[in-house]
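> Pasting a predicted model and its sequence here:
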Amino acid sequence: MAVLIDLTDVSVVDNHCHALEADQVADVPRWRQLFTESPDPSMRAHDVAETAFYRRLIRAMGMHFGVAGGEASVLEARAALTTEELVSSMFRDAAIGAVVIDTGYPAPDKAMSAAQFRSLSRAQYAALLRLEVIFQQLIAEHTTYDDLLGAAREQLAGARRAGFVGFKSVVAYRTGLSIERWSVDEARTSFARAREEVERSGAVRLGYKPLLDTLLHLAFEIAAADGLPVQFHVGYGDPDADLRTASPLELRNVLEERAYRSMPVVLLHGCWPYVREGAYLAAVYANAYLDVSYAIPFLSRGEMLAMTRAALAAAPFTKLMYSSDGARVPELHWLGAHDGRRALSAALGELVADGDLDVDEARGAGERILQGNALRLYGFGDESPS
Ligand SMILES: [Zn+2]
């Protein structure tokens, strides 16, 4: 018999999401391209609207705004609201109690200010430092390798004092998750090539593996010393990611490193489609956590349930955390919270029906995954978010 574990009263800690854009005006073309990772113009204009995710989103928005009809009438109802009304109503409706924001995307000149986001969302707010963004800035600013290392060490060591609760890395879509050790000569040569790019174009996109790996090791030493969590983009989530090398198993070097055992490693996006591999790592390594993300990747409800089932099947309930990975528009944070609670209710209910858990144990696991684990890991304190 189907059992549902009611989690509707549990406010979520969205442990991986992004800022909203200050400008929420969206016509159909601009709106659609928010819901695909494809860089292809025809995918962004047309095929994106023919997914299970997109159809569900439009239907859910229609119910929220109280309008019948499809995309056009839903976007018309959306456009009738001010940004303030839109954001505050969606965060309240989804009961999002706290957010952990990756400050690396969207770009600061497009993003709503942290102060405005906090006041409209009424969520507790914590920020992560995106490592590759900092590294790229520092490479552009420093002409010698030694100066670069000194500046990187200083900035990262000051991160906690500056208010950041962790680091985020997108190495998966730069040079891959298989982070290696390089000799000083190799790292210096790599730096020289990165500097050539700076001289040519004024900036650098950090695709120089010996240099990036070396800077990441520096960040991990500091994170381990300060007990700062490091989030890794894993699997789906960016067109630059080479999915052939984006499995979380590629992180073995980092997870095996004894010196990094005090650095919590958060594997993002449920590692989808590598969710079983992610659950395995969270079951084996004390410092590995699996983030189960419900707005991005853009999935059907059935696949979200399958992802949740795989996560719960192997990983301890202390090692799983909810997120939306929402960015730019509040609809992603909002729909993710509703869909995440729903998938978790159903998957925990299955564990009860199968005799794995009793109802109280299932409810406790749900509270931890939606809220408690992230509150503890990112140091929000013991108090529940309002
Ligand atoms: Zn993200």
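The structure has been received and is ready for your questions.

> Just the mean pLDDT for the biggest helix by length in the chain, thanks.
The longest helix of the chain (DSSP state H) is helix 330-353. Mean pLDDT, computed over helix 330-353, is 97.

> same thing with stretch 291-298?
For stretch 291-298, the mean confidence score works out to 95.

> which residues are contacting it?
Applying CB atoms under 8 Å, 6 or more residues apart in numbering, the external contacts of stretch 291-298 come out as 15-16, 35-37, 51, 53-54, 231, 235-237, 266-270, 272, 304, 307-308, 311, 320-327, 332-333, 335-337, 339-340, 343, 369. Just so you know, the C-beta spots here come from the backbone N, C-alpha and C atoms, and that holds for glycine as well.

> ok so, going back, would you mark the buried spots in the longest helix of the chain?
330-352 (16 or more other CB atoms under 10 Å).

> Using CSV, write out every CA atom in it.
The C-alpha atoms that make up helix 330-353 are tabulated as CSV, following Å, rounded to 0.1, in the frame of the first residue of the first chain:
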residue,chain,number,x,y,z
PRO,A,330,12.3,32.5,-8.6
GLU,A,331,10.2,29.8,-10.4
LEU,A,332,13.1,27.4,-10.2
HIS,A,333,13.7,27.8,-6.5
TRP,A,334,9.9,27.5,-6.0
LEU,A,335,9.1,24.5,-8.2
GLY,A,336,12.2,22.7,-6.9
ALA,A,337,11.0,23.0,-3.3
HIS,A,338,7.6,21.7,-4.1
ASP,A,339,8.9,18.9,-6.3
GLY,A,340,11.7,18.0,-3.9
ARG,A,341,9.3,17.6,-0.9
ARG,A,342,6.9,15.6,-3.1
ALA,A,343,9.6,13.2,-4.4
LEU,A,344,11.1,12.7,-0.9
SER,A,345,7.6,12.1,0.6
ALA,A,346,7.0,9.4,-2.0
ALA,A,347,10.4,7.8,-1.8
LEU,A,348,10.4,7.7,2.0
GLY,A,349,6.9,6.3,1.9
GLU,A,350,8.2,3.4,-0.2
LEU,A,351,10.8,2.7,2.4
VAL,A,352,8.0,2.5,5.0
ALA,A,353,5.8,0.3,2.8
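
> For that helix, which helices and strands make contact with it?
Judged by 3 or more CB pairs under 8 Å, 6 or more residues apart in numbering; DSSP states H and E, helix 330-353 is in contact with strand 12-17, helix 52-65, helix 83-93, strand 96-102, helix 301-314, strand 320-323, helix 359-367.

> Identify whichever of those lies nearest to R118.
Closest approach to R118 among the helices and strands packed on helix 330-353 (CB to CB): strand 96-102, 8.9 Å.

> Tell me the helices and strands packed up against the closest one.
So strand 96-102, by 3+ CB pairs under 8 Å, 6+ apart, packs with strand 12-17, helix 114-121, strand 124-130, strand 164-169, helix 330-353, helix 373-377.

> Quick one: those as CSV, columns for distance to M63 too.
Listed next are the helices and strands packed on strand 96-102 as CSV, based on distance: least, CB to CB, whole Å:
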stretch, distance to M63
strand 12-17, 20
helix 114-121, 21
strand 124-130, 28
strand 164-169, 33
helix 330-353, 11
helix 373-377, 28
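
> D213 is nearest to which of the ones you listed?
strand 164-169 (10.9 Å).

> Can I get whichever helix or strand comes after the closest one in CSV, CA atoms only?
Sequence-wise, the next helix or strand downstream of strand 164-169 (DSSP states H and E) is helix 184-201. Provided in CSV are the C-alpha atoms of helix 184-201 (Å, rounded to 0.1, in the frame of the first residue of the first chain):
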residue,chain,number,x,y,z
VAL,A,184,56.1,23.3,-9.8
ASP,A,185,57.7,23.5,-13.3
GLU,A,186,54.5,22.1,-14.9
ALA,A,187,52.3,24.6,-12.9
ARG,A,188,54.6,27.5,-13.8
THR,A,189,54.5,26.6,-17.5
SER,A,190,50.7,26.3,-17.3
PHE,A,191,50.6,29.8,-15.7
ALA,A,192,52.7,31.2,-18.5
ARG,A,193,50.2,30.0,-21.0
ALA,A,194,47.3,31.4,-19.0
ARG,A,195,49.1,34.8,-18.9
GLU,A,196,49.6,34.7,-22.6
GLU,A,197,45.8,34.5,-22.9
VAL,A,198,45.5,37.5,-20.5
GLU,A,199,47.9,39.5,-22.6
ARG,A,200,46.0,38.6,-25.8
SER,A,201,42.4,39.1,-24.6
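
> ok, residues contacting the helix or strand following helix 184-201?
The helix or strand immediately downstream of helix 184-201 is helix 209-226, counting by DSSP H and E. Defining contact as CB under 8 Å, 6+ apart, one finds that helix 209-226 is touched by 131-132, 135, 139, 149, 152-153, 156-157, 159-160, 166-167, 169, 171, 174-176, 179-182, 186-187, 189-191, 193-194, 206, 228-230, 254, 257, 259-263.

> can I assume Y378 is in contact with P229?
Yes - the criterion here is CB atoms under 8 Å, and Y378 meets it with P229 at 6.6 Å.
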